[in-house]
Each structure stands twice: as structure tokens, then as C-alpha cells.
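Undergrad: Here is my input, please return the structure:
(chains A and B)
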Amino acid sequence: MDASTPAPTRPTGPRPAAPAGGRSLHRFANPGRFLRMTDPWMPWLWALAIGVTGLGAAWALLLSPTDWQQGETVRIMYVHVPMAWLAMGGYTGLAILSIMSLIWRHPLADLTARELSPVGAAATALCLATGSLWGKPMWGTWWVWDARLTSVLVLFFLWLGHAALVRAFDDAERGARAGAILALVGIVNVPIVKFSVDWWNTLHQPASVTRLDSPGMHVDMLYPLLTCAIGFSLLFAVVVLARTRAAVMERRVRALETARARRLDAAQ
Amino acid sequence: MTTHWLHVSLSWAITALVFGGLAFGAFLRHRTAAARLKQLDPRGERDA
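TA: Got it, this is the predicted structure:
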């Protein structure tokens, strides 16, 4: 280094501000604050989720018309399609939580991802099961290895893999990091699920609701379907929120038990 | 009950069971953790 060049010094002055997104996210990093903020909302969220899902179920099962080809079996669509959307949307949420976990080391993102994956796996399993129950009377078979069904099965294994991986480490932080990497690798499967019916010749029908030009469904069926989708999405979100709240409290119980055990050890 | 209605009923029943089970599981975990917290740290209840 040239003698005239000043030696590098540590920067002085106030610490640079965190990015706005990170700062607002870290408001929720305090578990006590998270519990206090969500507590008054929980009964209302449960009531709203159960109410909208109940309305959607009554509309779908009792009021919506039968399909001229599928008959009554069309009523499976009102639960199968929301589960498919939740499987894909939930996995996208898991990838976003994983980014938050890897970049900001947000502790609540880790916990939420950990609690989200079993619920996402359940929604994907329901999507596969209800699809199978629809396929038997409509296609004459419970299962075919076409691109849509196979890619959803892969999605189910990714959900299960995440749920298992984050629980496989003694060190929760290492488990969360491994799970986040798996979630980000697995996100490549979501567009494959979505566009599999366009890219390959599949027995599964192409998109009818999310078509960009116009939905290929009569409003008498579209409205109950959207009501069911909103209801199940609320139910999914409130279940994940309730599990995350329970996980925050369990972590606090473990911390207090460890502290108490240490105090007892020190006293002996 | 026709086969069509049987499949419709099964689809909705397993969905209700799975989501009901998840909700009940979360409720039990919350209740157990809250009770244990009350034993371990009675004055910390305001945070929980």
C-alpha cells in the first residue's frame, strides 16, 4: 500500500439503516409481540374461515347445478380445485418464507415454514385423493401417470420432504436452512404443475378458470367455486397461523425448561 | 346413494376430517403449551 494512501478504517457514524422491507418484517420477529398482535384476531379469523367455507360448501353441494356430462360428480371440483390452488400457492409461500429465512434470518419465517409444510402436504394429499375420487367415475381409473398428476405427486413429496428435513436436525436453525434450500430448489416444480397441461398431452383437462381470455365455466359454477377457494384459503391460513402461535409458545416452554434445569444443576 | 354421490360425499368428508384434525391438533398444542407456560412463568402470561 502507498504511504500516502490513508489506512482503511472502520466506518464511523450511525449504523446504516436496514432495507425498509427487512425493518418492517423484523417488527414481527419478537415472538411475544407476534402472539399479542395475533391473539385478538384469532376468534374472528376462525369464524370468518368457517363461515365462508360453510357457505361455499352449502352452495356447492345444494344450490349449484349438476353438469350435463359429469352429473353430480362435478361437486368434487369445488374441493379439488381449491386444494390444487392451495398446494401450489402454499408452496410459493413456502419459497418466499425460505428467502426471508436465508436473507434476513427471520426467526418467525423459519417457524412458519416449519408449521406450513405439514398443512401444505395435507392440502396436496387432498388434491390427489379428491382428484382420484373424481377420476374413477369420469375416466374409469383412479390414477394415470400423466404429466399433471405426476408433477402434483412430486409436489406432495417436496412438501413431505420439507416437513421431514426441518425436523431431522437437533439444531433447529440448521434444519430450517436445509429446508429453505429444498423449498427453493423445489419451486421449479410449481410452473411445471401449472403448465403441464399445456406443455404435454395429458388426460387431465387444461385450465378452465384461470384462462386469460375468459373462464370456461358458467357463473352458476364459477361463483360457488370462488367462494370455496376463498373459504379454504382462509381455513388454510388460519390453521397455519394457529400452528405457528402454538410453536412459538412451545419454543418458549423449552427455553424456560432449559433455564430451570440449568438453575437446578447450578444449585446442586 | 349413487356412486357419484358416494364419491362426492367421500371427497368432502375427508377434506372436513383433515382440516378438522389440523385445527384440533393446533388447538391441543396451544392449550398444552399455554398450561405449561402458566406453570413455568406465571408472571409472563401477559406476553403469551
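
Undergrad: So, low pLDDT: which residues of the stretch 101-250 of chain A?
TA: Along the stretch 101-250 of chain A, the model assigns pLDDT under 70 to residues A:209-215.

Undergrad: now with 90?
TA: Flagging of the stretch 101-250 of chain A using pLDDT under 90 yields the residue ranges A:104-108, A:139, A:170-173, A:196-221.

Undergrad: Helices of chain A, start to end?
TA: Ranges of helices in chain A, per DSSP state H, are A:20-26, A:31-38, A:42-58, A:77-104, A:107-139, A:147-166, A:172-186, A:189-199, A:219-267.

Undergrad: possible to save those helices as JSON lines with distance to residue B:14 and mean neighbour count?
TA: (C-beta placed from N, C-alpha, C; glycine too.) Formatted as JSON lines, these follow (distance: least, Cβ to Cβ, whole Å; neighbours: other Cβ atoms under 10 Å in any protein chain shown):
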{"stretch": "helix A:20-26", "distance to residue B:14": "36", "mean neighbour count": "12"}
{"stretch": "helix A:31-38", "distance to residue B:14": "29", "mean neighbour count": "16"}
{"stretch": "helix A:42-58", "distance to residue B:14": "14", "mean neighbour count": "16"}
{"stretch": "helix A:77-104", "distance to residue B:14": "9", "mean neighbour count": "22"}
{"stretch": "helix A:107-139", "distance to residue B:14": "6", "mean neighbour count": "22"}
{"stretch": "helix A:147-166", "distance to residue B:14": "15", "mean neighbour count": "20"}
{"stretch": "helix A:172-186", "distance to residue B:14": "25", "mean neighbour count": "19"}
{"stretch": "helix A:189-199", "distance to residue B:14": "21", "mean neighbour count": "16"}
{"stretch": "helix A:219-267", "distance to residue B:14": "13", "mean neighbour count": "18"}
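
Undergrad: Let's have those in CSV, adding distance to chain B.
TA: Converted to CSV, the helices of chain A look like this (distance: least, Cβ to the nearest Cβ, whole Å):
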stretch, distance to chain B
helix A:20-26, 18
helix A:31-38, 4
helix A:42-58, 7
helix A:77-104, 5
helix A:107-139, 4
helix A:147-166, 13
helix A:172-186, 16
helix A:189-199, 20
helix A:219-267, 4
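
Undergrad: which one is residue A:81 nearest to, not counting chain neighbours?
TA: Leaving aside its sequence neighbours, residue A:81 sits nearest to residue A:225 (Cβ to Cβ, 6 or more residues apart in numbering or on different chains; 6.2 Å).

Undergrad: again with residue A:120
TA: Leaving aside its sequence neighbours, residue A:120 is closest to residue A:90 (4.2 Å, by Cβ to Cβ, 6+ apart).

Undergrad: For chain B, which residues are neighbours of chain A?
TA: B:2-5, B:7-8, B:10-12, B:14-15, B:18-19, B:22-23, B:25-27, B:29-30, B:33-34, B:36-37, B:40-41, B:44, B:47-48 (Cβ under 8 Å from any Cβ of the partner chain).

Undergrad: hmm, try it at 6 Å
TA: B:3-5, B:7-8, B:10-12, B:15, B:18-19, B:22-23, B:26, B:29-30, B:33, B:36-37, B:40-41, B:47-48 (Cβ under 6 Å from any Cβ of the partner chain).
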